[in-house]
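> one predicted model, sequence on top.
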Amino acid sequence: MSAFDRLSSALQYQIANTLSYRALRPVQEAAIGPVLDGKNAVVLAPTAGGKTEAAFFPLLASMDTEDWRPVSVLYLSPIRALLNNQEERVAKLAGLVGRRSFKWHGDTTPSARKAFLRDPADILLITPESLEAMLISPRVPTRELFAGLRTVVIDEVHSFAADDRGAHLSSLMERLTRYCGRDVQRVGLSATVGNPGEILRWIQGSSQRVAEVVDPKGSRIPPDLALDYVATLENAAMVVKALHPGKKRLVFVDSRRTAEGLGHILKQLGVTAFVSHGSLSFPERRDAERAFQEGRDCVIVATSALELGIDVGDLDHVLQIDSPPSVASFLQRMGRTGRRDGAVPNCTFLVTKEMAVLQAAAIIRLYREGFIEDVRPSRRATHILAHQLMGLSIQASGIGRGDWWAWLEGATAFDGISAEERSEIVQHMLDTTILSEQGGKLWLGVEGEKRYGRANFRELYAVFDVPRLVTVRSNTEEIGTVDALFLMTLDSDREPASFTLAGRAWEILSIDWKRGICAVRPASAGRPPRWAGGPQHLRYELCQAMRRVLVEDAEDASWSPRARNVLSMMRTEHTFLRAEAAPVLESQDGITWWTFAGGGANLLLVRMLEAELGGQCVSRNQSITLKGEAGKSIVRVQQVLSAMRAAGQPTEEDALRHAEGTGRSRVSKFQPCLPDRLMRELLVAGVLDVKGARQSVGGSGTAEDANRFETGRTRIL
């Protein structure tokens with residue numbers, strides 16, 4: 001019996017006739033058996049590779065032949081835009097066997113929500129934040145609603161696993177299991193990652209089901225890659241216009257500001273261009289993505305949000321301004337192309353900065369070597385544990401001190417936290433009145449209400465911080481949001497207060513700071529807006545690849561003559577790297593140590609060197625510059641590094657000691673819930689790279705020391 005033959009006869013008929021499938025894709029064939037057999041699974045395939053159908057075909061077959069009652073399947077997405085994009089697709093799939101789906105997130109109207117609660121659909125599409133809001137809302141009969149839950153499908157699971165949202169999701173799956181009283185099947189959908197087995201163990205949680213990675217592999221068509229140096233964003237826009245006329249082009253950038261700037265320049269050049277990023281209103285994003293999907297000779301400029309499986313139709317070409325932060329991100333972006341039969345995956349890098357040429361060359365090198373970054377889920381998410389404790393106290397209208405852990409036990413994000421540490425967190429929250437204890441039950445306390453209880457506990461729905469944003473409106477049309485601090489800067493300038501948003505220029509008419517609304521009208525020109533955000537730390541492996549590009553003579557076929565010239569010049573400037581792996585050299589600024597260790601490792605080393613030598617040290621991804629007292633004697637610097645090497649430093653204790661001096665005093669809004677030691681450990685896990693720092697020094701340290709933070713670190717992928 002083939003995999004297709006195992007599906008229900010009604011579904012087989014619909015796939016062949018309604019969907020007009022001549023054959024299933026390899027990943028769809030491979031997923032039917034494991035999912036139909038009730039296994040937990042991580043299903044791997046490139047972006048737009050048919051992963052959604054791979055999960056839903058076997059689930060719909062079970063739904064069709066067994067007595068599955070609504071809500072039986074949860075489809076979880078990391079972003080609203082992906083839910084909006086998948087809504088019609090999932091509804092069509094559900095309709096194949098006479099079932100229904102419903103989308104619930106912040107834009108869903110109250111009347112639609114009430115209708116769903118009266119008559120639930122079989123498949124619920126939702127974000128973890130909206131699911132948290134449902135669980136703690138007294139207006140949602142959660143126990144009854146999820147009594148029939150059989151399966152949770154997690155789309156783009158790799159984007160969850162390595163950060164706070166993954167720890168949050170891990171908790172939610174355990175709470176849902178408690179509600180429905182059964183071992184809920186867990187299916188993660190992902191693009192190619194370096195360690196799918198680890199992601200599978202993460203989603204497994206307390207589940208006792210057999211688990212399997214579904215990876216059809218198969219032949220991969222070699223991609224067309226090109227790396228060119230264009231020097232400015234204006235030049236990049238002219239190249240985008242000239243390349244591939246008459247084709248659909250998706251241009252990735254790594255900031256909303258760059259997206260706005262490039263989109264505006266392209267429109268001024270007469271290019272049919274659209275902009276898509278998370279600060280645009282839903283109608284703006286929807287209209288842009290729809291217009292692009294239906295067009296031919298057009299460009300859409302997007303941030304990483306369009307990595308995450310959002311369908312904008314068949315693409316001809318992907319272009320990248322400067323460089324993505326990782327190989328995984330590069331693969332996601334390139335994976336948007338080459339979907340049609342005979343089409344070749346492709347990506348063209350248009351680089352505006354010399355250092356970004358080196359970074360892009362290193363990305364290409366790592367890709368050709370078969371390297372993909374591991375995703376490392378946290379197992380000591382103490383701050384998310386505190387968040388969940390507060391959520392449970394609201395959900396249950398007070399929860400017993402001995403009962404709350406049973407709701408979360410088994411969550412992978414907490415399996416590295418001891419019972420003593422859990423008690424320590426509870427006591428600290430009681431001592432600081434974040435919690436209160438009455439009648440043997442834990443409740444949100446005075447300080448907890450003050451910090452997290454505003455606007456019906458909105459601060460507890462999401463585990464990440466949201467900066468102060470102001471809504472931009474033209475008449476009654478909502479364009480999107482911009483950072484309040486950016487508007488304050490504009491408002492104080494003498495020049496006309498105008499900016500771009502959605503690739504269009506707007507002049508400020510008025511700002512209602514109390515209501516958070518900026519009224520605008522169209523303008524002829526404006527500056528790209530700014531949003532809050534810190535510098536990006538590159539990983540150790542990528543920085544080491546950058547170093548290898550500099551010290552070796554090989555050239556990649558993808559490099560243009562201009563890129564070759566830039567890299568040749570950089571190689572000449574860095575010939576000193578050939579003599580020593582991480583040289584310490586005198587420079588105009590003081591003394592520079594060329595570690596190529598990445599931002600997280602160098603930041604820890606900077607704090608340790610400042611403590612030992614005095615003065616000031618500047619941390620970058622590739623190097624550390626020692627100034628003032630620290631930069632007076634190269635001999636003294638070498639002596640300090642030699643002592644660190646002999647002591648196997650940096651160690652975990654070194655990182656904890658210097659955590660509060662990392663220049664980033666807050667990594668979570670739930671830090672106040674943690675006692676001092678655990679708060680400092682959270683800073684280390686969120687910011688510092690202990691293993692990379694130790695490798696740079698040359699010390700070995702202990703395996704236990706390295707592993708603890710490797711499993712706890714938040715990674716940007």
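Sure, I can see it.

> for Gly246, give its distance to Thr337.
Gly246 is 16 Å from Thr337, where distance means CB to CB, to the nearest Å. (Glycine included, C-beta is placed from N, CA and C.)

> neighbour count winner among these two?
Neighbour totals were compared for Gly246 and Thr337, and Thr337 leads with 25 against 8 (other CB atoms under 10 Å).

> need the three-state assignment for that one.
Following DSSP: H, G, I helix; E, B strand; the rest coil, we place Thr337 in the coil state.

> residue contacts, it?
For Thr337, the contacting residues are Leu315, Asp316, His317, Val318, Ala343, Val344, Pro345, Asn346, Cys347, by CB atoms under 8 Å, 6 or more residues apart in numbering.

> likewise Thr52?
Residues near Thr52 by CB under 8 Å, 6+ apart: Gln86, Arg89, Val90, Leu93, Asp155, Leu189, Gly309.

> surely Glu198 and Arg379 touch.
No. Look at Glu198 against Arg379 with CB atoms under 8 Å: they stay out of range, at 10.8 Å.

> tell me which two in the contacts of Thr52 are the farthest apart.
Greatest spatial distance among the contacts of Thr52 (CB to CB): Leu93 and Gly309, at 15.0 Å.

> which parts of the stretch 51-200 of the chain are strands?
Taking DSSP state E, counting those that start in this stretch, the strands of the stretch 51-200 of the chain run over residues 73-76, 101-104, 123-126, 151-154, 185-190.

> list the buried residues in the lengthiest strand in the chain.
Secondary structure of the chain per DSSP state E: the longest strand is strand 504-512. With burial defined by 16 or more other CB atoms under 10 Å, the residues of strand 504-512 counted as buried are Arg504, Ala505, Trp506, Glu507, Ile508, Ile511.

> and these, which two are furthest apart?
Once CB to CB is applied, the buried residues of strand 504-512 give Arg504 and Ile511 as the farthest pair, at 18.4 Å.

> rewinding a little: so which of the contacts of Thr337 belong to strands?
His317, Val318, Asn346, Cys347.

> ok, the last one touching Ile321?
No. Taking contact to mean CB under 8 Å, the distance of 11.6 Å between Cys347 and Ile321 leaves them out of contact.

> neighbour-wise, which of the two wins?
The neighbour comparison of Cys347 against Ile321 (other CB under 10 Å) goes to Cys347, with 28 against 25.

> ok, the residue lying closest to Val97 once chain neighbours are set aside - contacts?
Closest residue in space to Val97, ignoring its immediate chain neighbours: Asp64 at 4.2 Å, by CB to CB, 6 or more residues apart in numbering. Contacts for Asp64 were tallied using CB under 8 Å, 6+ apart; they are Ser8, Ala10, Leu11, Val97, Gly98, Arg99.

> most neighbours, which of these?
Highest neighbour count within these, by other CB under 10 Å: Leu11, with 23 neighbours.

> element containing it?
Assigned by DSSP states H and E, Leu11 falls within helix 9-17.

> what's next to that helix, contact-wise?
With CB under 8 Å, 6+ apart as the criterion, helix 9-17 contacts Phe4, Asp5, Leu7, Tyr21, Leu24, Phe57, Leu60, Ala61, Asp64, Leu96, Val97.

> tell me the one of the residues you listed nearest Arg286?
Nearest to Arg286 out of these is Leu96 (CB to CB; 25.0 Å).

> in this structure Ile123 contacts Trp68, no?
No. The criterion here is CB under 8 Å, and Ile123 misses it with Trp68 at 10.2 Å.

> quick one, which of these two is more surrounded?
In terms of neighbours (other CB under 10 Å), Ile123 is the more surrounded of Ile123 and Trp68; the figures are 26 against 19.

> give me the beta-bridge partners of the more buried one?
Val73, Ser101 (DSSP bridges).

> quick check: it vs Val73, distance?
Plainly put, Ile123 is 5 Å away from Val73 if you go by CB to CB.
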